[in-house]
Structures are given as C-alpha cells and as structure tokens.
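J.: Sequence plus the predicted model coming up.
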Amino acid sequence: MDDVQTLSWMGLLEVRGEHLAITPHGRAVHFEAECAVLSARLAEVSVLADDLQRRTPSLGAELHALRQLADGAWSVTEAVAYVERWAH
C-alpha cells in the first residue's frame, strides 16, 4: 500500500480525482504532533533554565521567570513584571 492509500485509509486525507485534501481528522493529527514537539521544546528550555540557575545564581530571578513562562505558568507580561520587581 503506498503512502496516499495508507493516509486515506486512516482517514487523514481524501483523494478527490487528481487532488488530495486533508481531512479534519488529518488536521487534528497534524496539530497534535506539532503541539507535542513544541511542548518537548519548552520542557527543554525549562531544564536549561534550571541548569543555568545552578551555574549562575545571580540570574536566579530571570531564569525563574523563564522557567515559569516555558512551563505555561506565567504569561510574558507576568514574567517581565517579576524580573522588574527583582531588579529594584
């Protein structure tokens, strides 16, 4: 079975004559996979912030804010406000 037939059988795309169309299920699968990749990248950012904080304690507030942002706990506005509070 070739790739197009397999993807069609899985309900991820439709064959319409000579054209291919992604199905709503196919779009959902695509975005779910993209979300998983981005979540993994943000987890790596958080791990890097932990490592950098151990190596450079003077950047503790900045790296804490970065970690909170990467973990989804804070918005950019909240992270910047936290860093600004610690700077004063």
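T.: Alright, I've got the coordinates.
J.: how about the strands in the chain?
T.: 13-16, 19-22 (DSSP state E).
J.: Look through this protein and tell me its longest helix.
T.: Identified as the longest helix of the chain according to DSSP state H is helix 24-55.
J.: Buried ones in that one, by neighbour count?
T.: Buried residues in helix 24-55, defined by neighbour count with 16 or more other CB atoms under 10 Å: Gly26, Val29, Ser46, Ala49, Leu52, Gln53. In this view, the C-beta of every residue, glycine as well, is placed from N, C-alpha and C.
J.: Looking at those residues, spot the one nearest Leu7.
T.: Distance to Leu7, by CB to CB, is smallest for Gly26 among the buried residues of helix 24-55, at 7.3 Å.
J.: what's near enough to touch that closest one?
T.: Leu7, Gly11, Leu12, Leu13 (CB atoms under 8 Å, 6 or more residues apart in numbering).
J.: can you check Leu38 too?
T.: By CB under 8 Å, 6+ apart, Leu38 has no neighbours at all.
J.: per-residue confidence at it?
T.: Turning to Leu38, the model gives it a pLDDT of 95.
J.: Also Val4?
T.: Val4 is assigned 88 on the pLDDT scale.
J.: and if you look at Met1?
T.: Confidence at Met1, expressed as pLDDT, is 53.
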